[in-house]
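Student: Curious how this folds, go ahead:
(one chain, ligands or ions: 1)
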Amino acid sequence: MSPRTIIQPSRLSRGVRRWAQARHFSDRRVIFSGIQPTGTPHLGNYIGAIHRWVRLQDEPGEVSDLIYSVVDLHAITMPISPEVLRRHRREAMASLLAAGIDPDRSTLFYQSAIPAHSELMWILACRASTGYLSRMTQWKSKLSVASSTTLFDEDVRSSLKLGLFSYPVLQAADILLYRATHVPVGDDQRQHLEFARECVSNFNSTYGKHLVSPTTLSSPELRVMSLQNPAQKMSKSDKSHWSRILITDTPEEINKKVMGAVTDSENYVSYDPAARPGVSNLLRLLSYFDSGSRTPEQLAAELSSENAGLGVLKQSVSESIIAAMSGIRERYLQLLAEDGGGFIDHVAREGARKAQLRADETMAIVREAVGL
Ligand code: AQP
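Tutor: Numbers count the residues shown, from 1 in each chain. Reported below is the predicted structural model:
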């Protein structure tokens with residue numbers, strides 16, 4: 001739905017109305033996305049998020065405002081020490097810049113620099129259903145409990161913290177604060193975007209049509225699986241560092257991890273995600289870095305016709321990842337070292353300045369609508 005159809009100027013004060021007319025009665029796309037500073041970004045984060053964000057900067061013919069955030073308030077929903085969080089925040093920012101996010105074409109900032117994320121979260125939380133939240137999967141997977149677990153489970157009640165349970169409300173606030181029209185999300189985040197739309201309905205039906213309902217920006221990006229357990233997604237929090245390729249790994253480290261990837265005992269190449277998840281994960285990666293010009297099935301058929309074994313497949317995957325990641329590690333190290341991290345802090349401050357302007361605009365509307 002376009003912002004043009006959502007804001008009712010007659011219900012707003014003169015100042016807010018002037019802003020709405022000047023700025024938001026346009027069909028400009030506003031794209032928001034975020035990444036948690038819970039560790040160095042890996043190949044899954046790169047393919048599922050960061051690389052998409054970078055490509056959005058280059059989309060021809062599109063008129064979009066791109067807003068990307070290192071969502072550090074989300075990172076404290078699970079235990080993390082202050083020293084580690086401080087380091088991860090800067091490293092996440094350096095990773096995004098090194099991978100190609102351009103602060104002149106995108107707004108890049110730390111979530112916690114804009115207090116309105118928390119304020120809007122509270123306002124949304126006052127109308128959010130705990131029943132809906134209890135059915136969501138993220139808190140269950142973070143606590144490593146069965147998806148059938150409910151809030152009535154005694155063990156869960158003592159370990160589940162309110163922050164983790166209400167994480168989707170904060171994520172909704174992140175999106176709605178910038179009046180985002182489109183959100184690029186991975187498969188695992190679709191549920192959260194539906195919840196954000198639910199928050200918009202709850203708010204708008206109570207206070208008037210002021211918030212913008214975001215649309216999922218889907219694309220055929222793939223879910224990258226762990227190199228050690230291909231039934232699980234590649235993740236920053238996996239205990240095994242062999243399970244993931246970091247975007248800052250050296251070519252030698254990438255090669256070692258890919259060559260050590262868990263596949264199966266059959267030494268031939270075929271694409272069969274159900275029966276051969278490890279081999280299929282590698283073929284999907286090869287296809288992705290092949291610019292998608294050959295499907296995993298086509299690559300499997302080609303390798304099979306050459307009688308190539310899994311060693312040849314792994315070598316090709318390793319070479320394609322090393323080529324795609326080339327330069328990122330060097331830029332990352334350079335950015336972190338520049339001015340003792342001062343350059344990164346400067347970029348984040350400038351990004352926060354831009355983000356604050358938008359957040360102020362939305363909060364003026366929200367506060368007035370709520371009566372605050
Ligand atoms: N394995 C993956 N394949 C494809 N996309 C992925 N994403 C994460 N893992 C994969 C996408 O990366 C974006 C940012 O993720 P995040 O850091 O905010 O949270 P996450 O999904 O919880 O990532 P991790 O790596 O699994 O972190 P931890 O271990 O801390 O929970 C999202 O768009 C996500 O879809």
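Student: For this structure, what lies in contact range of the ligand?
Tutor: For the chain, the residues in contact with the ligand (C-beta under 6 Å from any ligand atom) are 35-36, 38, 44-45, 47-49, 185-186, 188-189, 223-224, 233-237. For the C-beta atoms, the positions are set from N, CA and C on the backbone; glycine is no exception.
Student: low-confidence ranges in the stretch 151-300 of the chain?
Tutor: 220-221, 292 (pLDDT under 70).
Student: in it, which spans are helices?
Tutor: Listed in chain order, the helices of the stretch 151-300 of the chain (DSSP state H, counting those that start in this stretch) span 154-159, 162-165, 167-177, 190-207, 251-259, 277-289, 296-305.
Student: In the stretch 1-150 of the chain, what residue lies closest to the ligand?
Tutor: The nearest approach of the stretch 1-150 of the chain to the ligand comes at G48, 2.0 Å away (C-beta to the nearest ligand atom).
Student: now that residue: how far from G342?
Tutor: 31 Å (C-beta to C-beta, to the nearest Å).
Student: Tell me which of the residues of the chain next to the ligand fall in strands.
Tutor: In this view, those that belong to strands under DSSP state E are I35.
Student: what comes up buried for the top helix by length along the chain?
Tutor: When the chain is parsed with DSSP state H, its longest helix is helix 342-370. Across helix 342-370, burial judged by 16 or more other C-beta atoms under 10 Å covers 343-344, 347-348, 351-352, 354-355, 358-359, 361-366, 368-369.
Student: show me what contacts the closest residue in space to T215 that isn't next to it in sequence?
Tutor: Using C-beta to C-beta, 6 or more residues apart in numbering and skipping the chain neighbours, the partner closest in space to T215 is H182 (5.2 Å). Residues near H182 by C-beta atoms under 8 Å, 6 or more residues apart in numbering: 29-31, 64, 214-217.
Student: Deepest-packed of the helices of the stretch 151-300 of the chain, please.
Tutor: helix 167-177 (a mean of 25; mean count of other C-beta atoms under 10 Å).
Student: so what does that helix touch, helix or strand wise?
Tutor: Judged by 3 or more C-beta pairs under 8 Å, 6 or more residues apart in numbering; DSSP states H and E, helix 167-177 is in contact with strand 29-35, helix 72-75, helix 116-125, helix 138-142, helix 190-207, helix 342-370.
Student: Residues in contact with the shortest one: which ones?
Tutor: Right, the one you point to is helix 72-75. Against helix 72-75 from outside (C-beta under 8 Å, 6+ apart): 34, 36-38, 85, 88-89, 110-112, 117-118, 167, 170-171.
Student: Downstream of it, the next helix or strand is which one?
Tutor: Sequence-wise, the next helix or strand downstream of helix 72-75 (DSSP states H and E) is helix 82-99.
Student: Which strands or helices does that next one pack on?
Tutor: Counting by 3+ C-beta pairs under 8 Å, 6+ apart, helix 82-99 packs on helix 51-57, strand 64-70, helix 72-75, strand 107-110, helix 328-337, helix 342-370.
Student: What residues of that helix count as buried?
Tutor: For helix 82-99, burial by neighbour count (16+ other C-beta under 10 Å) applies to 87-99.
Student: what are the phi and psi values for the residue of the stretch 101-250 of the chain found nearest the ligand?
Tutor: Residue of the stretch 101-250 of the chain nearest the ligand, by C-beta to the nearest ligand atom: G186 (2.6 Å). Dihedral angles of G186 (phi, psi; degrees, to the nearest 10) stand at phi -80, psi 170.
Student: How many residues are close by it?
Tutor: 20 (other C-beta atoms under 10 Å).
Student: I'd assumed V224 was in contact with it.
Tutor: No. Between G186 and V224 there is no contact under C-beta atoms under 8 Å: 9.6 Å.
Student: rewinding a little: which of the contacts of H182 count as buried?
Tutor: 29-31, 64, 214, 217.
Student: and the residue lying closest to A352 once chain neighbours are set aside, what does it touch?
Tutor: Once flanking residues are discounted, A352 sits nearest to A113: 3.9 Å by C-beta to C-beta, 6+ apart. A113 makes contact with 348-349, 352, 355-356, according to C-beta under 8 Å, 6+ apart.
Student: Near the residue lying closest to E91 once chain neighbours are set aside, how many residues? Count them for me, please.
Tutor: Residue nearest to E91 in three dimensions, not counting chain neighbours: T40, with 5.8 Å by C-beta to C-beta, 6+ apart. Using other C-beta under 10 Å, T40 has 19 other residues around it.
Student: got it, and S166?
Tutor: 20.
Student: what sits against it?
Tutor: Contacts of S166 (C-beta under 8 Å, 6+ apart): 121, 125, 128, 133.
Student: State the phi and psi torsions of it.
Tutor: According to degrees, to the nearest 10, S166 has phi -100, psi 10.
Student: repeat for L143
Tutor: phi -90, psi 0.
Student: burial measure for it, as a count.
Tutor: 15.
Student: Same question for the one 10 residues further on.
Tutor: For D153, the number of neighbouring residues by other C-beta under 10 Å comes to 14.
Student: Distance check, the residue lying closest to it once chain neighbours are set aside against W139.
Tutor: Leaving aside its chain neighbours, D153 sits nearest to V145 (7.6 Å; criterion: C-beta to C-beta, 6+ apart). Applying C-beta to C-beta, the value for V145 to W139 is 9 Å.
Student: Could you check which of the two is surrounded by more residues?
Tutor: Neighbours were counted for V145 and for W139 using other C-beta under 10 Å; W139 has more, 23 against 16.
Student: who touches the more buried one in this structure?
Tutor: Taking C-beta under 8 Å, 6+ apart, we find W139 in contact with 160, 164-165, 167.
Student: mind running it again at 7 Å?
Tutor: 160, 164-165 (C-beta atoms under 7 Å, 6 or more residues apart in numbering).
Student: Please apply the same query to V156.
Tutor: 143, 145, 149.
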